[in-house]
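**Q** everything below, folded, please.
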Amino acid sequence: MSETTGSPAAAPPRPRGPSDFEAAAARETRVAEFESRTSGLARLQHFLHANPTMVPVLVLAVSVAIFGVLLGQRFFSLQTLNFILQQVTIVGIIGVAQTLVILTAGIDLSVGAIAVLSSVVMGQFAVRLGLPVPLAIACGLALGTFCGFVNGYLVSRLKLPPFIVTLGTWSIFLAANFIYSANETIRATELAESAPLLQFFGQTFRIFGATFSYGAVFMVLLVLLVFYILNNTAWGRHVYAIGDDQDAARLSGISVSRTLISVYAASGLICALAGWALIGRIGSVSPTSGQEANIQSITAVVIGGTSLFGGRGSVFGTLIGALIVGVFAMGLRIWGTDPQWTQLTVGALIILSVAADQWIRKVSA
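**A** Below is the predicted model of the structure:
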């Protein structure tokens, strides 16, 4: 007698009631809301990745609005605008040089020392050696370019870390500055008598009732020029490509070493121009001036949205970053707060800027 074996019959499906459909609809709604929030956040992050200048622009606008409400006409005046521009001129010029280097995923700690050394050479050659002032200026510019070339050669040819290289050359250039100048300041009266051209960037002119310095105008023109070069020339595209992925840039046929040397040399030239502008800003040639320019330039670059990892950023952002620091410094000064609050605020902005950059890069990858 055979036994018939089989699986037990499946239980009939339970009829779905209204509560089941409501629960499913609620789950679908929550998923849709989550996906909507996620896609919106992703769109924002991709937008900020493609437009790194937007974050500092918003910060600058909010800062101006806050101080405008708190201080009123004391802040919204042409005189205040002039003071802010004069205050950020040197940092803005040196910040352009620093931006070029950071876009290649490097860093230059010697920018301030190059600027000061170049200014000392200009002053000493013109006043103490009696060279024609244009020739003395040309010598200072050539020296700044050579200092940048040295940095670039050590980084690109010897493959040394940019931080270590420029930390070492910062010390060398600063020591050479003090040794050559014998820590002597060339006063404004001496310059006015024998080399007034060195004070050119400190001279002012009036337009629409406001007073502006030629140094501030030069800073804006320099930003426009470098922005055009970075975005409309092959060299500029190579700079971004090297910062984004150096190995991929090399495989695509870009001469990485040559481009890096040119970037550091251009940075040195811009720093030398900043040294000339520094003479006009303070009215004299001082070997102790511009000691904090390296840190201030990095601050402007980072707050301006340029990534410390290279490949993303803009010189316009650097200018805006310098203006943000200038707005906070001037606003807090007019408000009557302790100057240390400015340092605290700038430090917080640096940390927030780097955190925002990390967030944007992570999601956009």
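**Q** burial count for residue 244?
**A** Counted with other CB atoms under 10 Å, residues neighbouring residue 244 total 17. In this view, the C-beta of every residue, glycine as well, is placed from N, C-alpha and C.
**Q** assign the nearest residue to it once chain neighbours are set aside to helix, strand or coil.
**A** Closest residue to residue 244 in three dimensions, ignoring its sequence neighbours and counting by CB to CB, 6 or more residues apart in numbering: residue 311, at 3.2 Å. Recorded secondary structure, residue 311: coil (DSSP: H, G, I helix; E, B strand; the rest coil).
**Q** count of neighbours near residue 311?
**A** Residue 311: 20 surrounding residues under other CB under 10 Å.
**Q** residue 346 too?
**A** Neighbours around residue 346, by other CB under 10 Å: 17.
**Q** test my guess that residue 155 contacts residue 262.
**A** No: look at residue 155 against residue 262 with CB atoms under 8 Å: they stay out of range, at 12.0 Å.
**Q** those two: who's more crowded?
**A** Neighbour count, other CB under 10 Å: between residue 155 and residue 262, residue 155 has more, with 25 against 19.
**Q** pull the contacting residues for that one.
**A** 106, 161-162, 165, 260, 264 (CB atoms under 8 Å, 6 or more residues apart in numbering).
**Q** got JSON lines for the residues you listed, with distance to residue 240 and pLDDT too?
**A** JSON lines is the format used below for the contacts of residue 155 (distance: CB to CB, whole Å; pLDDT from 0 to 100):
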{"residue": "106", "distance to residue 240": "13", "pLDDT": "95"}
{"residue": "161", "distance to residue 240": "21", "pLDDT": "96"}
{"residue": "162", "distance to residue 240": "17", "pLDDT": "96"}
{"residue": "165", "distance to residue 240": "22", "pLDDT": "97"}
{"residue": "260", "distance to residue 240": "13", "pLDDT": "97"}
{"residue": "264", "distance to residue 240": "16", "pLDDT": "98"}
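**Q** where along the chain do the helices fall?
**A** 18-50, 54-71, 78-103, 111-123, 133-156, 162-181, 188-194, 214-232, 234-244, 246-251, 256-282, 293-303, 315-335, 340-364 (DSSP state H).
**Q** tell me which of those helices sits nearest to residue 208.
**A** For these, the distance to residue 208 is smallest for helix 78-103, at 7.7 Å, taking CB to CB.
**Q** circling back to that earlier point, mind checking the helices of the chain for the one nearest to residue 202?
**A** Among the helices of the chain, helix 256-282 comes nearest to residue 202, with 3.0 Å by CB to CB.
**Q** tell me the gap between the closest one and the middle of its chain.
**A** From the chain centre to the centre of helix 256-282 is a distance of 14 Å (CA atoms, centre = their mean, to the nearest Å).
**Q** show me what that helix is packed against.
**A** helix 78-103, helix 111-123, helix 133-156, helix 214-232, helix 234-244, helix 246-251 (3 or more CB pairs under 8 Å, 6 or more residues apart in numbering; DSSP states H and E).
**Q** buried residues of the third one, list them for me.
**A** Looking back up the chat, that one is helix 133-156. Neighbour-count burial for helix 133-156, counted by 16 or more other CB atoms under 10 Å, picks out 133, 136-137, 139-141, 143-156.
**Q** quick check: angle from it to helix 162-181?
**A** When axes from the mean of the first three to the mean of the last three CA atoms, to 10 degrees is applied, the directions of helix 133-156 and helix 162-181 differ by 150 degrees.
**Q** average pLDDT for helix 133-156?
**A** The predicted model gives helix 133-156 an average pLDDT of 97.
**Q** ok, now the longest one?
**A** This predicted structure assigns helix 78-103 an average pLDDT of 91.
**Q** what helices or strands is it leaning on?
**A** For helix 78-103, the packing partners by 3+ CB pairs under 8 Å, 6+ apart come out as helix 111-123, strand 210-213, helix 214-232, helix 234-244, helix 256-282, helix 293-303, helix 315-335.
**Q** ok, 6 Å please
**A** On a contact count with 3 or more CB pairs under 6 Å, 6 or more residues apart in numbering; DSSP states H and E, helix 78-103 meets helix 111-123, strand 210-213, helix 214-232, helix 256-282, helix 293-303, helix 315-335.
**Q** could these go into TSV alongside distance to residue 76?
**A** Output for those, formatted as TSV (distance: least, CB to CB, whole Å):
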stretch	distance to residue 76
helix 111-123	32
strand 210-213	13
helix 214-232	19
helix 256-282	25
helix 293-303	22
helix 315-335	11
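**Q** for residue 83, which of the ones you listed is the nearest?
**A** Nearest to residue 83, of these and by CB to CB, is helix 315-335 at 6.1 Å.
**Q** chain center to that closest one, what's the gap?
**A** How far helix 315-335 lies from its chain's middle: 13 Å, per CA atoms, centre = their mean.
**Q** 5 is where my numbering starts, stick with that
**A** Noted, 5 is the first residue going forward, which turns the last one into helix 319-339.
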